[in-house]
Structure formats: C-alpha cells, structure tokens
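Participant: no sequence on hand, only this structure:
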C-alpha cells in the first residue's frame, strides 16, 4: 500500500492542476446535483421493530380515528394561580377563558376532546366517565376512581391543565406560526397574573443547528496549525482539504435525501467528525512532507509523505470508518443513518487529503511554508540582527525541520541514520554524530522512561477512578422533564408534577385486542356473570378482559392507576392508560415498563387476549433498551476488528492489547466525567442536569475508538519505523536498549504532531457545545473529553510507559503467526529502502 500511495502522492504533486481542478469541479457538480435533487430533511427519528412500535402500529389498525399515539402533536397548557389565590376565583377563571377563546379563534386543532377551560371541562369529563363505566357494569367506586385520575384540576384548584393536538401529522411537522399562536395565548394569561406554561410533544423546541460551531472550530484549528508550522500558507492547506472533504460529504447527504428520508441532525454529526479528522489527516501528511523535503525533491517528498504518513492516514481512517459503520448493529434507523453519513464523510476526507495536499504542495512549491511568523515553530525572531554563519544556517534548517516533529538537539548517537531518520536528527560535521531535540515531548518521554511504573499506575488509577460514575449512568431520550429549567416546556412538566404527580407527564398505553379472547377462561367468569344476559358470551368475555386487565395492571409495582380510556367501534379492543408514579425519565419508570410487560404476558395467558405496551414513554424506553442490548456486540465488533488490524500493522501481540485496554480506560473516564457534569450537575456547570441521551454511549464509543486508533497509529508507527530501521538494536554507544531507543525516537518525532492534532480535534468538538440542542452539546463535550484523555493520558503516557516496562516483548510475535499475516508496511520501510536504492543508483 505504501508504494501505491507513493505513486499517488507523486503523481498528484506533478499533476497539481488536474487534481485541484478535478476536486473543484467535483465539488461544484455535487453541489449542483444537491440543489436539484435534495428534499427537505425531516425532524423525525426513524425507528422500527421494537415491541412498543409494533404495539403502536397495532393501535393504529384497531383505532384508526386516533392516529399514532406515540407521535401525536399534543400540547399540555398548564395554569397556576397567583400565590394565595385559586384558579376558580372569578378574575382567574375569566383569564383562563380568554386564553382558551384566543386559541379557539386563531388555531386549527386536531383532537380537542379534553380542550377547554379545565374548570368547566374537567367536571363534565369526570361525570361522563362515571356514567359510561357504571353502565358497562363497573362498580361506581372504581368508576369514580378512574374519573378522579383524569381530573384536570388539582384538589386545591391552584393548578390545572388542558390538552389538545395541533392539526399536524407529527410533532416535528408543526408550523412555527401555530406555536407562536399558543405563545400569544399564554401571554394573555400571564398579563392577567396567571402563570401559563406549555409542553407536550407538539410544543417541543424546533431542532435548530448553530452554524457558528464549524467557524469556531476552523478558527481555532488555524491558530494551532500556525503554531505547528509557523507558516500561514501551510496552516491553510489542511483547512482547505478538510472543508472540501466535509463539503462533499454534506452535499452527498443532501443528494441522498432524494431517495432516503434523513433526520436533520444527521449532517451535524457528520460535519463535526469529518472536519476534525479531515484537518488531522492533512496535518499528518503535510508534516511528514516537511521532514522529507530536506532530503528529497518536491515530487519524491510528496510521494514519500503519502506513502508513509498517508498509509497511517488510510489505516486510521479505516478504523474510524469501521467504528461508525458498525453502528448498524444497533438496528435503530436514525442512528444507522448518522453512522453511515459520518463514515462516508471520513472516507471522503481520507481520499481528499491523500491527493489534494500533494497537489497543493505542488502548486505552492517552495512557497508551501511561506508567510512565516517570527518566533513560532523554530522561525528566527526578526529582532535579532547579526551576520549568519553556515552553522547558524544549519541550526535554523534543523529548527525548521523539527518544528513539526518537535525536536531540538539533546541526545547523541553515532551517525548511521537513513534518509528516514534524518527527519529527527542532523549530522554534526564536527563530531560525526547526530543529536535529538530537547522539546517538551522528548523531555516527557525520557521522564516516563525513568519511572514507567509510576506513570502507568497514575494513569490506570486516575482514569479508573474517573470511570466509576459510569455505574450510575442514566439514559433516556429528550423530554419536557429534561429540558432546561428556564424553558416553558420544563416549567409545564414541573407544574404538572407539583399539582398532580410526576407520572402524569408520561403515561403508558396498553392495547388489549380481545378478538380471540377465551370465553371459558376462569379468570373472566366472575366479571362475565356480573354483566347479565344482555350480550353474547363472547362480548361479555371481551369486556371482562378489559376490566380484568385494568384491575391487574393497577396492582403492578410503581403504577399509580390504570383505567380504560377507549373502546374500538366493534368493541373488540380497548385502550388502557397506565399512570406510573414516577416521571418518564426516572430510572424507576424503566422498571415499571418491564413489570408491565411481564404482567401483560400473564394476562394473555389468563384471558386469551393479546396485549401490547405503547405510548411515547414506552417507545423511548424500548430504544434505550435496544441500544443497551446492542452495546456488547458493537463493542466486540469494533474492538475485535481494530485489534486484528493493529496486529497486521505493528506485528506485535502486546501493542494492540495495550491500545485496546487503554481505549477502554479513556472512554470509561470520558463517560464518567460526562455523567458527573451533565447528569449529576457537577459544580452547576450545566443548567439542567439529567439522564444522558440514550444513543450517546454507543455513538461515543464508536467515534472515540476510531479517533483513539488514529493517535495510536500515528505515534507508534514512528516507533515501529525506527525499530525496523535499526533491526531492533540500539545505535552504537546508545545508553538505551533497542526498544527504549525506538520508543524515545519515535515519540519525539510524532509527539508534537499528535499534540497539535489532538488540540485541533478537541477544539472542533468543544465548539459544538455552542449548539442549542442539549444532546449535541453532550456529544461535543464527551468527544472532546475522550480525545483529551486518550491522546494525553493513554497514547502519550500509558503507551510509552508500558513499552518501557515490556522491553523486548513489546514487538514480539510468534514467527509462525508473523508468516501467516500479510505485510501491510504501514510505516513504509520497504518503500524507503527502494527509494534509497534508486537514489543511490541515480547518483552513481
């Protein structure tokens, strides 16, 4: 692969205009196609195949007039009286009437069965429930209990609510103008002294995307690149490459909307990840070109950069691609779309970096590192004016050369460097030796060598302790109860909990299909005999199965009440509303859902009826449960494939194992800190701590693992490269063993580039905390933290420490296994030898 990429990089350098024009035309063509073919993205999340979704579909068949119970554009309008007053006071009652009248006169509504002034509507509905169910044979006491549970006014008449549905297909298709009418009506009540809040699925905040995140991320990346290369021109090249790659990926998604319905959050995550890796991949190729340029002409330097660093980019991109693509195992529609979109964007970014960076280098030629900033990355400060000697020029050349790799002279070894090694050392005419650079990276790795056990213990214990909060992690999907406290949605949910009970914000719906009910079932006989002889035995059994189910569900732990709320036109099916004691996002509610499913199974056995659990809360819990079930399989696939690839790359048994275990530490600590900040509200850093978004863990694992392997490859490849060049033996006179020397040299060569790449990636992710949607904020935070822990704690501390401790075992692999595995030559050893031989032949 390295030889092939060498030819690609060299050809792109020499045919710069062809490559640049091709990418520009492709971008323009894809943009034109997107403009012609794209369709509006949806705000809905595609989900299928869960028990709750299947029950929802059955509900729509049995009760076609009611629509989708889990996707209704419902609104809860909540009123609270001023302190010391009641809503039934004449002035407050009149204010509620004004609010209701404004909505009736200005808004087209769907379901209005429970809409109106709750002081008037609630008593009428309660009496209707009592009359209806006593006529059906239900005891009056039970009927009154059902009616009270449906009351829309609390006992002391200080809090009340009314509900209605927007005339829209789903909560995500509600027009903003309709929401504005609701807000105007709320203001009428507020002006009259009432507290009026609105919540419900139909009144959720619109899913909006803040475009400033990308701008902030690019700006910070540009600054980091300037300090890395000390040049304005070279700092701009990775940005150009990344923007083109991300642009193609995003426009490709727009084209896909012509045939596939995509959620409008899908491109946000693709852009966030694609931008981060696109800049990093271009950075690695450009930095390698700079070191190769001192010993090679432009075309060969570009080819060598593509063959060596480019090989690492391909492998690193492959690990990210695999991690994102593997999200299909979760079998959640919108999550699969996000994973595939991000994976495609990463793949495009790799191809763009491998071809466009060499082409841009060919375009700028000797000006590729022009626009140098004095005093940055080894550039001489202009203030110093003196006559330059050849030795000064030599020192400046070395400083410029190691500006990317972070090297400055300290450690000396006899001069036997190959062309590849001259990137980290420079021959000294006086001594015949070359010296390594004393940058922060070099000093750090030598410090780690002095106390590898301490470093290893510190990293493992600190990150392990930080992972402990993961045990308390709570997951859910967005709801009113998790909105920011200053939003009307959160205030409405809090008022309902205060005036009634927390579970009123998320009741379950049990569907009873009694078409095949067992009329001979012993459990139904007492209820059937109480109905008289006015109906057939089958009809009696059907109605009895509904009452039996409601009564049985009332006794489930955590359930406040269960009652029949609707019958199908043919009387063969019923809807039973089950109100839990706890809110939709309370962990106890998950237990209630599980208990309800167990109870449903027992009821089916006892009656012969078919039951299903649905409702928005049930659907959300099903998604969370499915994601949790998919986690072990997903983790096994991603980690297993990556370890296999690392075996192929590094020809070592222990290096891949350390890489994988280190990843588990970094992702665990990232989860732990995310739980502390966003769930537990550490130091009040976030306004609304609560359960984390349910698909955050699996997505974070995939992305973090891919990015972790990036740094593993870029850093350890340098170590492996030196180890291969020296045959695993120390240089004559070296105070280190062959393994220790290769670890120190490789770390020194790659530390600064990896540091710059990590800072860029962290900056891009942190910028997304600026997004208005909480779950994108959490993604940005969690990814930034995970990259920080993985780059600086694992790859730059734990990995070299374990190498020093393992010694010769670091690069050990059984000979029989080494022969079986294909050679990938990621570090480009064979390529460099071939180039050296050709170069010698040409010179001779």
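Facilitator: Nice, thanks for sending it over. Being a predicted model, the structure only gives us computed values, none of them experimental.
Participant: wait, a strand at residue 562?
Facilitator: Yes - Residue 562 forms part of a strand when assessed by DSSP: H, G, I helix; E, B strand; the rest coil.
Participant: excluding its backbone neighbours, what's nearest it?
Facilitator: Closest residue to residue 562 apart from its sequence neighbours, by Cβ to Cβ, 6 or more residues apart in numbering: residue 553 at 3.8 Å. Just so you know, the C-beta spots here come from the backbone N, C-alpha and C atoms, and that holds for glycine as well.
Participant: OK, contacts around the one you found?
Facilitator: When the contact criterion is Cβ atoms under 8 Å, 6 or more residues apart in numbering, the partners of residue 553 are 510, 559, 562, 576, 578, 596, 599.
Participant: now for whichever strand or helix holds residue 27, which elements pack on it?
Facilitator: Assigned by DSSP states H and E, residue 27 belongs to helix 16-37. Using 3 or more Cβ pairs under 8 Å, 6 or more residues apart in numbering; DSSP states H and E as the contact criterion, the elements in contact with helix 16-37 are helix 232-256, helix 333-364.
Participant: which parts of the first one are buried?
Facilitator: Buried residues in helix 232-256, counting neighbours by 16 or more other Cβ atoms under 10 Å, are found at 234-256.
Participant: which helices and strands does it pack with?
Facilitator: Contacts of helix 232-256 with other secondary structure elements, assessed using 3+ Cβ pairs under 8 Å, 6+ apart, are made with helix 16-37, helix 212-229, helix 266-292, helix 333-364.
Participant: tell me the SS of residue 599?
Facilitator: Classification of residue 599 into helix, strand or coil gives helix, according to three-state DSSP.
Participant: does residue 252 touch residue 343 like I think?
Facilitator: No - between residue 252 and residue 343 there is no contact, the gap being 11.8 Å when judged by Cβ atoms under 8 Å.
Participant: one step back: can you put the helices and strands packed on helix 16-37 in a markdown table and add distance to residue 445 and mean pLDDT?
Facilitator: Formatted as a markdown table, the helices and strands packed on helix 16-37 follow (distance: least, Cβ to Cβ, whole Å; pLDDT from 0 to 100):
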| stretch | distance to residue 445 | mean pLDDT |
| --- | --- | --- |
| helix 232-256 | 25 | 90 |
| helix 333-364 | 27 | 90 |
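Participant: distance to residue 690 added to those, as JSON lines?
Facilitator: Output for the helices and strands packed on helix 16-37, formatted as JSON lines (distance: least, Cβ to Cβ, whole Å):
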{"stretch": "helix 232-256", "distance to residue 690": "30"}
{"stretch": "helix 333-364", "distance to residue 690": "21"}
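Participant: please name the residues that touch residue 480.
Facilitator: Contact analysis of residue 480 by Cβ under 8 Å, 6+ apart lists 199, 200, 204, 489, 490, 492, 493, 505.
Participant: of these, closest to residue 686?
Facilitator: Distances from residue 686 to the contacts of residue 480, taken as Cβ to Cβ, are shortest for residue 490 (13.3 Å).
Participant: could you report the pLDDT at that closest one?
Facilitator: According to the predicted model, the pLDDT of residue 490 comes to 88.
Participant: over to residue 433?
Facilitator: Per-residue pLDDT puts residue 433 at 46.
Participant: what's the answer for residue 493, then?
Facilitator: According to the per-residue confidence, residue 493 scores 91 in pLDDT.
Participant: the lengthiest helix in the chain versus helix 333-364: what angle between them?
Facilitator: With residue count as the measure and DSSP state H as the assignment, the chain has helix 616-650 as its longest helix. Per axes from the mean of the first three to the mean of the last three Cα atoms, to 10 degrees, the angle that helix 616-650 makes with helix 333-364 is 40 degrees.
Participant: model confidence over helix 616-650, on average?
Facilitator: The pLDDT scores in helix 616-650 average 79.
Participant: residue numbering should commence at 10 henceforth.
Facilitator: That works, and once the first residue is 10, the last one we named lands at helix 625-659.
Participant: now the element after it, going C-ward?
Facilitator: Counting by DSSP H and E, the element after helix 625-659 in chain order, helix or strand, is helix 663-683.
Participant: which neighbouring elements make contact with that following helix?
Facilitator: Using 3+ Cβ pairs under 8 Å, 6+ apart as the contact criterion, the secondary-structure elements in contact with helix 663-683 are helix 461-475, helix 625-659, helix 705-734, helix 783-797, helix 808-815.
Participant: ok, residues contacting the helix holding residue 36?
Facilitator: 21, 253, 256-257, 260-261, 263-264, 266-267, 361, 364-365, 367-369, 371-372.
Participant: start to end distance for stretch 482-502?
Facilitator: Terminal residues of stretch 482-502 lie 23 Å apart, using Cα to Cα, to the nearest Å.
Participant: correction: the previous question concerned stretch 472-490.
Facilitator: Stretch 472-490 has its terminal residues 32 Å apart, counting by Cα to Cα.
Participant: return the set of buried residues in that stretch.
Facilitator: By neighbour count, with 16+ other Cβ under 10 Å as the criterion, the buried positions of stretch 472-490 are 472, 475-476, 478-479, 483-490.
Participant: which ones among the residues you listed lie within helices?
Facilitator: Applying DSSP H to those, the entries found in helices are 472, 475.
Participant: just flag the most distant two among the buried residues of stretch 472-490.
Facilitator: In the buried residues of stretch 472-490, the most distant members under the criterion Cβ to Cβ are 472 and 489, with 35.5 Å between them.
Participant: and the helices and strands packed on helix 241-265: which comes nearest residue 145?
Facilitator: Checking the helices and strands packed on helix 241-265 against residue 145 by Cβ to Cβ gives helix 342-373 as the closest, at 40.5 Å.
Participant: so how far is the closest one from its chain's centroid?
Facilitator: The offset between the C-alpha centroid of helix 342-373 and the centroid of the whole chain comes to 18 Å, using Cα atoms, centre = their mean, to the nearest Å.
Participant: just checking, what packs against it?
Facilitator: Counting by 3+ Cβ pairs under 8 Å, 6+ apart, the elements that helix 342-373 packs against turn out to be helix 11-23, helix 25-46, helix 241-265, helix 275-301, helix 307-334, helix 705-734.
Participant: again, only this time at 10 Å
Facilitator: helix 11-23, helix 25-46, helix 241-265, helix 275-301, helix 307-334, helix 625-659, helix 705-734 (3 or more Cβ pairs under 10 Å, 6 or more residues apart in numbering; DSSP states H and E).
Participant: now it against helix 307-334, angle please.
Facilitator: With the same axes, to 10 degrees applied, the angle from helix 342-373 to helix 307-334 works out at 170 degrees.
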